[in-house]
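Colleague: structure here, sequence nowhere to be found:
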Ligand SMILES: Cc1ncc(COP(=O)(O)O)c(C=O)c1O
């Protein structure tokens with residue numbers, strides 16, 4: 001992926017998904033049994049791929065300013081490695097983790113930089129997702145500094161890839177194209193209905209996939225092993241480790257090329273949304289970053305989601321409850337879980353590309369009640 005190579009100045013490995021890249025990076029740089037500091041608020045599959053890699057997830061305190069790890073309050077002496085999330089594109093305090101193995105999940109932060117340096121270049125590995133800013137439906141890129149690491153990771157990738165099929169690839173590309181068209185044509189409500197009817201989204205208990213605690217307990221002794229954890233890691237992307245061919249590569253390249261062209265529109269949307277009193281505090285400090293989503297903190301999120309849907313704005317990327325409440329037995333819980341619960345319950349991520357459509361609804365929303373601190 002030339003554009004990401006140029007942006008990061010790193011060696012890049014193409015993958016069918018970001019999650020496969022995160023697993024490969026964690027296996028490459030961490031030893032089974034090591035402790036990994038991670039945010040309590042990220043996509044379901046991330047927790048499970050950490051478990052699949054044989055690591056112990058140590059849940060960090062969360063900053064209510066940006067929804068990322070509160071580095072100042074995390075006990076770095078108790079962990080071997082750190083996984084950042086860069087939630088919705090807002091950067092983690094990436095320079096606070098020196099001395100630890102750092103793996104950067106830059107799924108949401110393809111266009112974010114810190115001090116002029118792109119995210120994804122601070123850690124041992126930066127892992128991009130092509131289904132986010134680029135809207136390519138699927139695809140990932142793992143960026144690393146050293147060619148020897150790239151070669152080893154490539155071999156590990158090939159050992160885990162499953163054979164793809166041109167038919168599955170065609171369906172995946174056509175579905176992504178249809179989704180993009182529905183957004184452009186303001187057909188979000190019928191598109192969401194169709195996605196639900198076709199079961200393109202995982203069944204969920206609230207916002208998280210079913211934990212299947214008994215099956216998970218049975219799988220844990222097999223870690224490190226990705227295939228054993230497929231039932232969890234594949235959430236919403238069942239072919240997350242299927243080999244892709246020319247059609248996907250063509251589509252992904254085309255979609256990624258659009259990202260820089262959308263930069264100005266994205267920034268304009270961020271500026272509009274940052275002006276609202278309900279915007280998360282850190283948004284106003286990052287007006288120069290083309291965020292993936294702009295987090296709002298609202299009182300009645302369900303009503304807000306319904307209102308936005310009527311305006312043709314779909315809401316996704318909600319990670320509620322925090323991991324240590326969702327899967328208590330398998331994590332080292334956060335020393336201070338309340339800010340993460342509050343953030344997970346109240347955050348409403350809004351696509352800056354659709355800021356104008358969303359504004360009439362957002363202007364009427366009540367802010368989240370203040371976080372009560374002990
Ligand atoms: C924060 C975050 N990281 C990683 C992923 C996984 O990306 P992919 O679907 O490319 O595996 C997601 C997907 O939603 C995500 O939201």
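Modeller: Ah, there it is. Only a predicted model underlies this, so the values are computations on that prediction, with no experimental measurement involved.
Colleague: nearest residue to the spatially most central residue of the chain other than its sequence neighbours?
Modeller: In the chain, the residue lying closest to the centroid (CA atoms, centre = their mean) is residue 107, at 4.8 Å. Excluding the flanking residues, the one nearest residue 107 by CB to CB, 6 or more residues apart in numbering is residue 129, at 3.7 Å. C-betas here are computed from N, CA, C, even on glycine.
Colleague: same question for residue 266.
Modeller: Take residue 266 and drop its neighbours on the chain: the residue closest to it by CB to CB, 6+ apart is residue 290, 3.9 Å away.
Colleague: any idea how far the ligand is from the residue nearest to the centre of the chain?
Modeller: 4 Å (CB to the nearest ligand atom, to the nearest Å).
Colleague: ramachandran coordinates for that residue?
Modeller: Torsion angles at residue 107 (phi, psi; degrees, to the nearest 10) stand at phi -50, psi -40.
Colleague: is it true that it touches residue 18?
Modeller: Yes - with contact defined as CB atoms under 8 Å, residue 107 and residue 18 form a contacting pair (4.8 Å).
Colleague: who touches both of those two?
Modeller: 127-129 (CB atoms under 8 Å, 6 or more residues apart in numbering).
Colleague: from those, which is closest to the ligand?
Modeller: For the shared contacts of residue 107 and residue 18, the closest approach to the ligand (CB to the nearest ligand atom) belongs to residue 129, at 3.4 Å.
Colleague: dihedrals phi and psi, the closest one?
Modeller: Per-residue torsions, residue 129: phi -130, psi 130 (degrees, to the nearest 10).
Colleague: residues near the residue nearest to residue 107, how many?
Modeller: Counted with other CB atoms under 10 Å, the neighbours of residue 129 add up to 27.
Colleague: and it, what is it in contact with?
Modeller: Residues near residue 129 by CB under 8 Å, 6+ apart: 17-18, 106-108, 110, 139-140.
Colleague: could you dump those residues to JSON lines with distance to residue 340 and pLDDT?
Modeller: Below are the contacts of residue 129 laid out as JSON lines (distance: CB to CB, whole Å; pLDDT from 0 to 100):
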{"residue": "17", "distance to residue 340": "25", "pLDDT": "98"}
{"residue": "18", "distance to residue 340": "22", "pLDDT": "98"}
{"residue": "106", "distance to residue 340": "21", "pLDDT": "98"}
{"residue": "107", "distance to residue 340": "19", "pLDDT": "98"}
{"residue": "108", "distance to residue 340": "17", "pLDDT": "98"}
{"residue": "110", "distance to residue 340": "24", "pLDDT": "98"}
{"residue": "139", "distance to residue 340": "29", "pLDDT": "97"}
{"residue": "140", "distance to residue 340": "26", "pLDDT": "98"}
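Colleague: which stretches of the stretch 151-300 of the chain have low pLDDT?
Modeller: Where the stretch 151-300 of the chain drops to pLDDT under 70, the residues are 196-200.
Colleague: ok, whatever residue of it ends up closest to the ligand to residue 259 distance?
Modeller: Of all residues in the stretch 151-300 of the chain, residue 237 sits closest to the ligand, at 4.9 Å by CB to the nearest ligand atom. From residue 237 over to residue 259 the distance is 20 Å, taken as CB to CB, to the nearest Å.
Colleague: which bits of the chain sit near the ligand?
Modeller: With CB under 6 Å from any ligand atom as the criterion, the chain meets the ligand at residues 17-19, 42-43, 46, 85, 105, 107-108, 129, 131, 140, 237, 240, 317.
Colleague: from those, which land in strands?
Modeller: Of those, the ones assigned to strands by DSSP state E are 105, 129, 140.
Colleague: now those in JSON lines, with distance to residue 306?
Modeller: Output for these, formatted as JSON lines (distance: CB to CB, whole Å):
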{"residue": "105", "distance to residue 306": "30"}
{"residue": "129", "distance to residue 306": "27"}
{"residue": "140", "distance to residue 306": "32"}
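Colleague: tell me the one of those nearest residue 271?
Modeller: residue 129 (24.7 Å; CB to CB).
Colleague: please point out which parts of the helix or strand where residue 154 lies sit buried.
Modeller: Following DSSP states H and E, one finds residue 154 within helix 147-160. With burial defined by 16 or more other CB atoms under 10 Å, the residues of helix 147-160 counted as buried are 149-150, 153, 156-157.
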